[in-house]
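# this one's sequence-less:
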């Protein structure tokens with residue numbers, strides 16, 4: 001069964017054809033729209049964008065106890081609904097397209113998220129998520145699902161970008177590594193903090209499409225900026241490849257699914273040079289690559305079966321102790 005609800009504010013019934021406001025949100029559901037309560041287990045999916053990894057969604061479905069799986073986004077369609085519904089036994093899959101701060105305060109929207117047994121933040125533009133959802137009841141509802149209900153949450157691409165304590169808000173544009181390394185205060189480096197509070201992601205900034213879009217350099221700039229700007233004395237970064245997801249258990253232990261790798265990078269004190277208009281110099285950044293059957297623990301920040309190496313940035317050029325930054 002598929003239902004659609006589009007909600008908006010009508011300025012006037014008389015002038016509806018000319019002056020109806022744009023819908024505040026869209027709601028789609030596959031399965032049983034009635035709320036169900038199941039036993040859930042916490043966990044977090046960090047997905048790198050591109051092709052979705054079915055195993056990550058099946059992991060969330062299992063942790064949801066077969067309850068209601070809610071996808072939230074600011075643009076796009078309900079394309080996830082039938083696909084997720086076919087991955088396991090589940091009461092319903094719902095998509096909420098939440099297009100404004102008013103929609104993020106709508107009681108129906110908030111209730112559907114709070115009643116979820118799994119919440120997944122789709123890709124899109126993270127600046128929409130920041131502008132529309134940060135500091136609203138939608139933010140509180142996500143926290144309720146993750147931290148009170150102890151149900152699984154996750155995100156891909158832009159949805160991944162907002163899961164850490166620190167994040168690239170994308171308010172101006174998507175900065176490239178070359179732009180950021182040449183000028184850590186480039187106008188496209190728009191960092192923000194304290195949107196979502198997700199277990200094991202305090203003191204962390206995430207990035208997606210990692211190797212495909214060559215984002216290691218900009219992640220190192222993000223770490224340097226967070227330290228230099230006084231937001232933290234230490235910070236950690238996680239970069240995830242496309243078609244790849246990291247599945248994080250409540251105790252911090254994480255496994256990789258999909259076809260790519262993930263990279264776990266630690267800051268190293270205050271960068272030597274991190275000022276406007278001058279290329280970054282920041283050395284000694286411990287890095288751990290997880291691929292194949294390798295694992296990592298976010299709580300202890302240690303890995304097993306992966307590759308450990310050190311990254312250095314000198315005058316905006318990134319080098320590696322093992323010859324490859326990836």
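Perfect, I can see it now. Only a predicted model underlies this, so the values are computations on that prediction, with no experimental measurement involved. Residues are numbered from 1 along each chain as shown.
# mind listing the helices for the stretch 151-300 of the chain?
158-161, 177-182, 216-228 (DSSP state H, counting those that start in this stretch).
# return the most buried member of those helices.
helix 158-161 (a mean of 26; mean count of other Cβ atoms under 10 Å). The way it works is simple: take the backbone N, C-alpha and C, and place the C-beta from them, glycine included.
# helices or strands up against that helix?
strand 44-47, strand 118-121, helix 126-133, strand 204-207 (3 or more Cβ pairs under 8 Å, 6 or more residues apart in numbering; DSSP states H and E).
# could you rerun that using 7 Å?
Identification of packing neighbours for helix 158-161 by 3 or more Cβ pairs under 7 Å, 6 or more residues apart in numbering; DSSP states H and E yields helix 126-133.
# neighbouring contacts of the helix it packs on?
Helix 126-133 has contacts (Cβ atoms under 7 Å, 6 or more residues apart in numbering) with 74-75, 98-101, 104, 139, 158, 161-162, 167, 169-171, 192, 195.
# in strands only, show me those residues.
Within those, residues falling in strands by DSSP state E are 98, 167, 192.
# did I read that right, residue 63 in a strand?
No. Going by DSSP: H, G, I helix; E, B strand; the rest coil, the assignment for residue 63 is helix, not a strand.
# pLDDT score assigned to it?
You'll see residue 63 listed with a pLDDT of 98.
# that one: what's it in contact with?
Residue 63 touches 40-41, 43, 118, 152, counting by Cβ under 7 Å, 6+ apart.
# what is the nearest of these to residue 203?
Comparing those against residue 203 with Cβ to Cβ places residue 43 closest, at 19.3 Å.
# sorry, back to before: make JSON lines out of the helices of the stretch 151-300 of the chain and add distance to residue 91.
As requested, these are exported to JSON lines (distance: least, Cβ to Cβ, whole Å):
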{"stretch": "helix 158-161", "distance to residue 91": "22"}
{"stretch": "helix 177-182", "distance to residue 91": "43"}
{"stretch": "helix 216-228", "distance to residue 91": "38"}
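# got these as a markdown table, with mean pLDDT columns?
Below are these laid out as a markdown table (pLDDT from 0 to 100):
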| stretch | mean pLDDT |
| --- | --- |
| helix 158-161 | 98 |
| helix 177-182 | 98 |
| helix 216-228 | 98 |
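# between the ones you listed, which one is closest to residue 245.
Using Cβ to Cβ, the nearest of the helices of the stretch 151-300 of the chain to residue 245 is helix 158-161, at 9.1 Å.
# got a list of contacts for that closest one?
46-48, 121-126, 129, 167-168, 206, 208, 240.
# what do you get for stretch 271-286?
181-185, 220-221, 224-225, 227-228, 265-268, 310-316.
# for residue 146, give its distance to residue 262.
20 Å (Cβ to Cβ, to the nearest Å).
# so who does the closest residue to residue 151 other than its chain neighbours touch?
Nearest-residue entry for residue 151: residue 40, 3.9 Å, with adjacent residues in sequence omitted and distances by Cβ to Cβ, 6 or more residues apart in numbering. With contacts defined as Cβ under 7 Å, 6+ apart, the neighbours of residue 40 are 63-65, 67, 117, 149-151.
# and residue 40, that's in a strand?
No. Counting by three-state DSSP, residue 40 is located in no strand; its state is coil.
# for it, give me phi and psi.
phi -120, psi 160 (degrees, to the nearest 10).
# now swap in residue 69 and tell me
phi -100, psi 120.
# now it: how far from residue 257?
From residue 69 to residue 257 the distance is 18 Å (Cβ to Cβ).
# looking at these two, which is more packed in?
residue 69 (30 against 17; other Cβ atoms under 10 Å).
# surely that one and residue 93 touch.
Yes. If you go by Cβ atoms under 7 Å, residue 69 and residue 93 touch, sitting 4.8 Å apart.
# what do these two both touch?
residue 84.
# filter the ones in strands among the contacts of helix 126-133 to the buried ones?
Using 16 or more other Cβ atoms under 10 Å as the burial test, the ones in strands among the contacts of helix 126-133 include 98, 167, 192 as buried.
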